[in-house]
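[1] Pasting the sequence and the predicted coordinates here, then a few questions.
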Amino acid sequence: MSYSSFFSSAAFFTILLLLYQGFCHVSDGAQHATYIVHMAQSQMSSGFDLHSLWYDSSLRSVSQSAQLLYTYANAIHGFSTRLTPEEADSLMTLPGVISVLPEHRYELHTTRTPLFLGLDVHNADLFPETGSSSDVVVGVLDTGVWPESKSFSDVGLGPVPSTWRGGCEAGTNFTALLCNHKLIGVVKEEALPDKTLPFVYAGNASNAANGNLCGPGTLIPEKVKGKIVMCDREVNARVQKGEVVKAAGGLGMILANTAENGEELVADAHLLPATAVGEKAGDIIRHYVLTDPNPTASVLIRGTVVNVQPSLVVAAFSSRGPNSIKPDILKPDLIAPGVNILAGWTGSRGPTGLASDARRVECNIISGTSMSCPHVSGLAALLKSVHPEWIPAAIRLALMTTAYKTYNDGKPILDVTTGKPSTLFEHGAGHVSPTTAINPGLIYDLTTVDYLGFLCALNYTPSQITSVSRRNYTCDPSKSYSIADLNYPLFAVNVDGSGVFKYTRTVTSVGGAGSYSVKVNSETTDVKISVEPAVLNFKEINEKKSYTVNIKLVQGV
């Protein structure tokens with residue numbers, strides 16, 4: 001609790017050298033704007049020999065100063081010019097004018113997780129000024145590439161980065177000579193044929209009782225060869241199921257979730273073309289393959305899908321609470337992006353980690369708390385650069401007290417396993433919000449001494465404390481240590497009897513003078529919660545104030 005606001009055809013792998021370019025536009029008048037004028041070619045008067053003369057005459061009839069900026073003669077016929085709104089309205093009334101539309105600026109699309117986290121490169125609080133270019137290498141998976149496009153021009157670019165270890169592989173209508181200092185590499189790979197194939201349920205292609213799980217040696221090759229196989233998730237690794245299908249002669253796999261994983265979809269670098277589906281879709285597909293006399297299926301690449309709702313959801317594998325060591329300290333601390341993350345990968349093994357996987361890649365799509373960790377670690381480094389005086393505990397607690405637990409519409413973040421709102425034991429303080437954490441207003445300080453006292457409250461022996469803290473420390477026998485004394489913003493209370501449970505917390509102002517009011521949100525009337533004082537007033541930065549949370553079980557419950 002905090003006074004802070006809680007807030008398949010051939011596929012080409014194209015490697016590009018990223019170039020950031022800036023564009024500027026000079027205004028020639030506050031009321032003028034650029035318009036695109038669409039003209040009806042068939043209505044040009046016979047008195048004009050050229051379309052451009054007709055365009056110019058029409059334009060002069062509404063403005064003597066306006067000029068043709070560009071003429072169009074392919075997709076449409078017309079021109080662009082700069083006009084006042086009144087002149088544009090007048091031009092629209094002339095014969096042969098189909099439309100007069102103001103120009104609209106479109107921004108290039110890019111990957112979404114940085115913006116999802118609020119990490120705008122123009123955010124001066126997080127990022128310093130950078131140069132106009134970089135040596136970042138970008139990999140693009142596509143069905144082909146058109147190197148003649150101006151998008152691949154290497155004019156103004158320096159040499160290929162010395163760290164680049166790839167090559168330029170010839171393919172259909174493509175030679176290695178077409179690579180340059182921007183299109184620095186191409187790799188061709190055959191994927192699943194773009195056609196419908198026979199479809200079989202693994203449980204019907206096995207003599208094993210659990211053949212539906214596609215375990216090693218469970219599939220009958222004669223029933224699988226040349227087909228797409230549906231396997232159920234659970235027990236053995238997802239990528240191993242694909243290995244089993246491929247070894248039996250299968251050409252593709254559909255991996256269906258069970259109730260344990262719900263609608264969670266995790267991407268894997270399978271050894272054969274494969275797709276993952278949630279529990280609901282899996283039930284529908286399973287019914288089809290089991291009831292249709294001649295089931296068929298296709299695995300198609302439909303490209304990246306964005307704006308999927310709801311987003312985000314708490315993953316099924318999330319390190320959930322309660323705290324197994326001491327339930328009083330609520331865990332997890334918070335949640336962060338950790339599903340289907342493109343990350344660096346070792347060259348010592350293939351992307352599936354299977355012994356049979358001879359592929360070697362520099363990056364892999366990975367899911368797990370091991371992916372959430374680098375996100376949060378990077379955010380911690382950013383906060384440390386902005387606030388070098390903050391200790392690690394302050395950074396962590398700033399991220400926690402500014403995390404959010406609801407979507408933009410105010411509804412709670414969902415648990416992907418159940419499809420229902422997640423609880424504190426799934427999302428902790430909430431999802432990280434780095435742009436808010438920069439200025440949290442208040443932070444909770446935790447020093448080494450505080451943690452040593454926590455170990456004393458857990459009844460650790462001096463030798464155990466030494467092994468953890470790397471220092472000699474003996475708990476004071478005259479002092480009463482309590483878990484409740486740890487200055488942590490999240491805590492859980494097992495209210496199992498009479499009396500009042502008191503938790504005191506101390507916060508430090510890092511935003512200067514300000515006033516903070518408490519708000520208690522409770523989903524039950526069985527427990528009475530109050531906070532004293534209800535308002536904390538700060539006069540200066542680094543000022544400390546304390547508050548106490550009182551928790552009491554309502555009598556008769």
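    On my side now, so go ahead.

[2] C-alpha only now, for contacts and for neighbours.
    OK.

[3] And the strands in the stretch 151-300 of the chain?
    183-189, 197-201, 228-232, 252-256, 274-277, 296-297 (DSSP state E, counting those that start in this stretch).

[4] So which of those is the most surrounded?
    strand 228-232 (a mean of 29; mean count of other CA atoms under 10 Å).

[5] What mean pLDDT does it get?
    The pLDDT scores in strand 228-232 average 92.

[6] Out of the strands of the stretch 151-300 of the chain, which gets nearest to residue 210?
    Minimum separation from residue 210 across these (CA to CA) falls at strand 228-232, 9.6 Å.

[7] got the angle between the closest one and strand 252-256?
    Strand 228-232 and strand 252-256 meet at an angle of 20 degrees, taking axes from the mean of the first three to the mean of the last three CA atoms, to 10 degrees as the criterion.

[8] Save the strands of the stretch 151-300 of the chain as a markdown table, and put in distance to residue 162 too.
    Shown next, in a markdown table, are the strands of the stretch 151-300 of the chain (distance: least, CA to CA, whole Å):
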| stretch | distance to residue 162 |
| --- | --- |
| strand 183-189 | 12 |
| strand 197-201 | 44 |
| strand 228-232 | 42 |
| strand 252-256 | 38 |
| strand 274-277 | 35 |
| strand 296-297 | 45 |
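
[9] Please name whichever of those is nearest to residue 161.
    strand 183-189 (9.3 Å).

[10] How far does stretch 59-71 sit from its chain's centre?
    When C-alpha coordinates are averaged (CA atoms, centre = their mean, to the nearest Å), stretch 59-71 and its chain have centres 47 Å apart.

[11] what about the helices in the stretch 201-350 of the chain?
    221-224, 238-247, 279-291 (DSSP state H, counting those that start in this stretch).

[12] Where does pLDDT dip in the stretch 151-300 of the chain?
    Scanning the stretch 151-300 of the chain for pLDDT under 70 picks out the ranges 189-194.

[13] Ok, which of the strands of the stretch 151-300 of the chain comes nearest residue 265?
    strand 274-277 (6.2 Å).

[14] helices and strands around the closest one, which ones?
    strand 252-256 (3 or more CA pairs under 8 Å, 6 or more residues apart in numbering; DSSP states H and E).

[15] same thing but 10 Å
    For strand 274-277, the packing partners by 3 or more CA pairs under 10 Å, 6 or more residues apart in numbering; DSSP states H and E come out as strand 228-232, helix 238-247, strand 252-256, helix 279-291.

[16] Reformat the ones you listed into a markdown table and put distance to residue 37 next to each item.
    Below are the helices and strands packed on strand 274-277 laid out as a markdown table (distance: least, CA to CA, whole Å):
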| stretch | distance to residue 37 |
| --- | --- |
| strand 228-232 | 52 |
| helix 238-247 | 55 |
| strand 252-256 | 50 |
| helix 279-291 | 48 |
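
[17] and residue 495, which of the ones you listed is closest to it?
    Among the helices and strands packed on strand 274-277, the nearest to residue 495 by CA to CA is helix 279-291 (36.8 Å).

[18] what comes into contact with that closest one?
    Contacts to helix 279-291, defined as CA atoms under 10 Å, 6 or more residues apart in numbering, come from residues 199-201, 203-204, 229-233, 254-265, 276-277, 294-297, 417.

[19] Also stretch 509-518?
    By CA under 10 Å, 6+ apart, stretch 509-518 touches 1-5, 387, 390, 439-444, 530-545, 547.

[20] where exactly do the helices run in the stretch 351-500 of the chain?
    With DSSP H, counting those that start in this stretch as the criterion, the stretch 351-500 of the chain has helices spanning 369-386, 392-401, 424-427, 434-437, 448-457, 462-469.
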